[in-house]
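> Sequence first, predicted coordinates after that:
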Amino acid sequence: MATRRFKKHIACIGAGYVGGPTMAVIAAKCPDIKVTVVDISAPRIKAWESDNLPIYEPGLFDVVKKARGRNLFFSTDVDAAIKDAGIIFVSVNTPTKTFGEGAGKAADLQYWEKTARNIVKVATSNKIIVEKSTLPVRTAHAMERILNANEKGIHFEVASNPEFLAEGSAIKDLLNPDRVLLGTQETKAGLAVRKELVDLYAHWVNRANIITSNVWSAELSKLAANAFLAQRISSINSISAICEKTEADVSEVGYAIGRDSRIGAKFLQASVGFGGSCFKKDILNLVYLSEHYGLSEVAQYWENVIKLNDYQVTRFVRAMISAMFNTIAKKRIAVFGFAFKANTGDTRESPAIYVVKKLLDEHACVVVTDPKAIANAKDDLADCTGSLEFTADPYAAVRGAHAVAVCTEWDEYRKLDYRRIFAAMEKPAFVFDGRNILDHGRLFEIGFNVFPIGKKPLTHY
Ligand code: UDX
Ligand code: UDX
């Protein structure tokens with residue numbers, strides 16, 4: 001009944017970090033289009049309908065509030081949404097396979113395929129299916145075959161519209177994207193879909209920033225974009241290891257090289273390592289793809305980006321143990337930040353997971369603090385044994401601690417009262433700044449022994 005008020009109906013399957021914010025922005029910017037976001041998880045849908053959204057993302061609640069109940073709807077009735085919508089975005093998760101052929105590298109497409117088969121089962125009219133999930137190259141081809149092998153005479157046109165939003169800045173990225181990428185087939189039907197999707201985004205994105213390509217280029221561009229971003233971090237992290245041996249300073253080196261306009265300043269912050277749901281998974285996907293085509297040198301090249309990242313986080317923990325006189329057993333260590341980056345509660349592939357597990361292996365007493373990620377941290381560490389505490393209050397975390405280990409670049413960690421923290425800690429007191437966000441000179445003056453990434457340690461001994 002309500003549908004008549006709207007020019008079009010879009011559905012999105014998968015109300016996660018990608019599907020939820022993306023659809024909220026489409027709905028807010030296109031009041032003439034009905035947007036229904038569906039998910040098999042009832043608690044998730046309930047949360048999207050409440051004041052307590054299932055994910056933390058700055059600005060998200062305002063956008064959701066604007067459109068929810070007007071033209072943005074959340075539901076668990078997947079079949080009804082499929083039937084009703086002309087365009088279906090698919091944003092279900094595509095984790096790395098944990099079993100069988102390609103385990104540990106290839107993408108697990110079972111949710112995607114299940115979703116495609118369900119679309120075929122319940123659809124009663126032609127549909128545009130848009131891949132939002134990151135998928136291996138040529139997935140659209142396979143999906144097209146599954147979808148169009150129906151005997152109902154229904155045509156499905158598959159397009160690829162990879163999402164480039166970064167968590168923590170999702171709303172900003174969606175409202176003002178560097179580019180929107182639309183991959184379609186270059187047939188008559190494909191080009192008509194291309195036009196329809198361009199017109200959708202043109203509600204708020206300058207047409208000059210809407211790029212079109214063939215489907216395979218769009219799929220590969222998503223993997224390549226994430227691989228290039230991750231490669232920059234591994235590159236600067238490799239330089240950070242050299243800095244620590246040579247007394248060069250990685251911030252100075254990063255600044256100097258970033259001033260070359262051909263290199264650019266972004267994504268050159270050395271750190272304890274990159275995390276997040278995408279970088280590792282997408283690079284592994286690229287590695288698998290390369291191996292599949294017999295391109296072993298290419299596979300090894302990209303795999304080293306991940307190896308370097310693993311090395312960086314291992315190095316961070318080793319440096320802690322070595323600085324603290326080669327034993328951290330029974331020492332209380334406050335881990336500042338558990339999210340994989342600032343401004344999100346997401347902890348998927350967070351380097352902090354590895355750091356905490358390693359510290360527990362060494363029998364340290366670990367206390368994890370984070371402004372948004374405590375609930376996820378508890379899940380991630382549920383199987384851990386040893387002395388492990390959680391608190392949202394960093395001042396409670398440092399009481400009686402020998403060391404602070406900064407794992408997430410939360411702005412609030414810059415603003416803490418470090419004199420108060422020093423007073424509450426055991427001496428000698430250590431700070432290991434895995435994000436290079438603190439004022440190291442000042443901490444040293446207060447009395448801390450300070451170990452940044454890629455810089456000379458400042459010690460009182
Ligand atoms: C996901 C993919 O992981 C990523 O590769 C892609 O780029 C975008 O989509 P994200 O949104 O972060 O990323 O995943 P997640 O937060 O796990 O959301 C997926 C949602 O799909 C979950 O809420 C899950 O319940 C839902 N889902 C999964 C379905 O509704 N149906 C299914 O069959 C499987
Ligand atoms: C990434 C891509 O940026 C985005 O375009 C894509 O859609 C999904 O994957 P996201 O994983 O949300 O987004 O976060 P991103 O900002 O890219 O950060 C990834 C990781 O790299 C974080 O752990 C971050 O702390 C780390 N990082 C980033 C660094 O260590 N140094 C840097 O200079 C930048």
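Yep, it's here. Ligands and ions are numbered 1, 2, ... in the order given.

> Return the helix or strand in this protein with minimum mean pLDDT.
helix 139-148 (a mean of 86; mean pLDDT, DSSP states H and E).

> That one vs ligand 1: in contact?
No. On the criterion C-beta under 6 Å from any ligand atom, helix 139-148 is out of touch with ligand 1, staying 11.2 Å away. The C-beta positions use only the backbone N, C-alpha and C, and glycine is treated the same way.

> residues touching the residue in the stretch 1-150 of the chain that ligand 1 sits nearest to, list them.
Going by C-beta to the nearest ligand atom, ligand 1 is nearest to Gly16 of the stretch 1-150 of the chain, at 1.9 Å. Neighbour list for Gly16: 39, 44, 55, 91-93 [criterion: C-beta atoms under 8 Å, 6 or more residues apart in numbering].

> Do a quick rundown of the helices in the stretch 151-300 of the chain.
Residue ranges of the helices in the stretch 151-300 of the chain, as given by DSSP state H, counting those that start in this stretch, are 170-175, 188-201, 215-246, 250-258, 279-292, 296-323.

> about what we covered before: okay if I get the contacts of Gly16 as a markdown table plus pLDDT, neighbour count and secondary structure?
Formatted as a markdown table, the contacts of Gly16 follow (pLDDT from 0 to 100; neighbours: other C-beta atoms under 10 Å; DSSP: H, G, I helix; E, B strand; the rest coil):
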| residue | pLDDT | neighbour count | secondary structure |
| --- | --- | --- | --- |
| Asp39 | 97 | 23 | coil |
| Arg44 | 98 | 20 | helix |
| Ile55 | 92 | 19 | coil |
| Ser91 | 94 | 26 | coil |
| Val92 | 92 | 21 | coil |
| Asn93 | 88 | 17 | coil |
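
> show me which of the residues you listed neighbour ligand 1.
Okay, of those touching ligand 1 (C-beta under 6 Å from any ligand atom), that's 39, 44, 91-93.

> which one of those residues is nearest ligand 2?
Ser91 (12.0 Å).

> Using CSV, list the CA coordinates for stretch 156-171.
The C-alpha trace of stretch 156-171 is given here as CSV (Å, rounded to 0.1, in the frame of the first residue of the first chain):
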residue,chain,number,x,y,z
PHE,A,156,18.2,-10.7,-13.4
GLU,A,157,20.9,-8.2,-14.4
VAL,A,158,23.9,-8.3,-12.0
ALA,A,159,25.9,-5.1,-11.3
SER,A,160,28.9,-4.5,-9.1
ASN,A,161,28.9,-1.4,-6.9
PRO,A,162,31.8,-1.8,-4.4
GLU,A,163,31.7,0.2,-1.2
PHE,A,164,34.7,2.3,-0.4
LEU,A,165,33.5,3.7,2.9
ALA,A,166,35.8,3.5,5.9
GLU,A,167,34.5,2.7,9.3
GLY,A,168,34.5,5.7,11.7
SER,A,169,33.9,8.0,8.7
ALA,A,170,31.2,6.0,6.9
ILE,A,171,28.6,8.8,6.8
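
> So which bits of it are buried?
Across stretch 156-171, burial judged by 16 or more other C-beta atoms under 10 Å covers 156-165, 167-171.

> roughly how far out does that stretch sit from the chain middle?
12 Å (C-alpha atoms, centre = their mean, to the nearest Å).

> one step back: kindly reformat the contacts of Gly16 as TSV containing distance to ligand 2.
Formatted as TSV, those follow (distance: C-beta to the nearest ligand atom, whole Å):
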residue	distance to ligand 2
Asp39	20
Arg44	19
Ile55	12
Ser91	12
Val92	16
Asn93	13
